[in-house]
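# predicted model and sequence follow; I will ask about them next.
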Amino acid sequence: MAIIALDVGERRIGVAVSDPGESYALPLRTIERTRMHDDLQQILDVATEYGASTIVIGDPIALSGERGIAAQKMDEFTEVLGRAFAGTIERVDERMTTALVTRGLIEADLSRAKRKRVVDQLAAAVILDSFLTRRRRTAGP
């Protein structure tokens, strides 16, 4: 069993997966967005391939803490995915994940083209790692 995480953007969806022991997050792939139906099918295919019973989705809350247009769009996306996915869907505050990952990649001197290929996957891995860390803290010793 594994958990997958999504960093959903307007053009791409970054996907990350946990190890079977759900200890760490690995960047997996980037889905180029087309039609909602096709995007959902690709997500469901990944969930099936990895035996995921949980999907974690980044929640784009504004820096002020308010739920803006992006968060409302994510609410709609999550609702549609929830109707198609038989497992659990969790949300994680994703404020600044893509920006932090991008800054790290720039500091690592990756070209713009290479950054574009991996930034969404890495942001999904940060989202998943945040979820796994939070879950370990709440589970206690």
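In hand now; what should we look at? Numbers count the residues shown, from 1 in each chain.
# what's the closest non-adjacent residue to Ala84?
Distances taken as C-beta to C-beta, 6 or more residues apart in numbering put Leu40 closest to Ala84, at 5.3 Å, once the chain neighbours are dropped. Using the backbone N, CA and C atoms, a C-beta is placed for each residue, glycine as well.
# same check, this time on Ala47
Spatial nearest neighbour of Ala47, excluding adjacent residues (C-beta to C-beta, 6+ apart): Ile4 at 5.8 Å.
# any low-confidence regions in this structure?
When residues are selected by pLDDT under 70, those of the chain lie in 95-117, 140-141.
# can you pull out the strands in the chain?
Using DSSP state E, the strands of the chain run over 2-8, 12-18, 25-32, 52-59, 88-93.
# may I see the buried residues of the shortest one?
It stands for strand 88-93. If you call a residue buried by 16 or more other C-beta atoms under 10 Å, then strand 88-93 has these buried ones: 90-92.
# got the angle for the lengthiest helix in the chain vs strand 52-59?
As assigned by DSSP state H, the longest helix anywhere in the chain is helix 112-139. Interaxial angle, helix 112-139 versus strand 52-59 (axes from the mean of the first three to the mean of the last three C-alpha atoms, to 10 degrees): 110 degrees.
# tilt between helix 112-139 and strand 88-93?
Interaxial angle of helix 112-139 relative to strand 88-93 (the same axes, to 10 degrees): 110 degrees.
# and helix 112-139, what does it pack against?
strand 2-8, strand 12-18, strand 25-32, strand 52-59, strand 88-93, helix 97-107 (3 or more C-beta pairs under 8 Å, 6 or more residues apart in numbering; DSSP states H and E).
# hey, C-alpha coordinates of the fifth one in PDB?
What it means is strand 88-93. Listed next in PDB are the C-alpha coordinates belonging to strand 88-93 (Å, rounded to 0.1, in the frame of the first residue of the first chain):
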ATOM      1  CA  THR A  88      -9.800   8.600   1.200                       C
ATOM      2  CA  ILE A  89      -8.800  12.100   0.000                       C
ATOM      3  CA  GLU A  90      -6.900  14.400   2.300                       C
ATOM      4  CA  ARG A  91      -6.000  18.000   1.900                       C
ATOM      5  CA  VAL A  92      -2.700  19.700   2.900                       C
ATOM      6  CA  ASP A  93      -1.800  23.400   2.900                       C
END
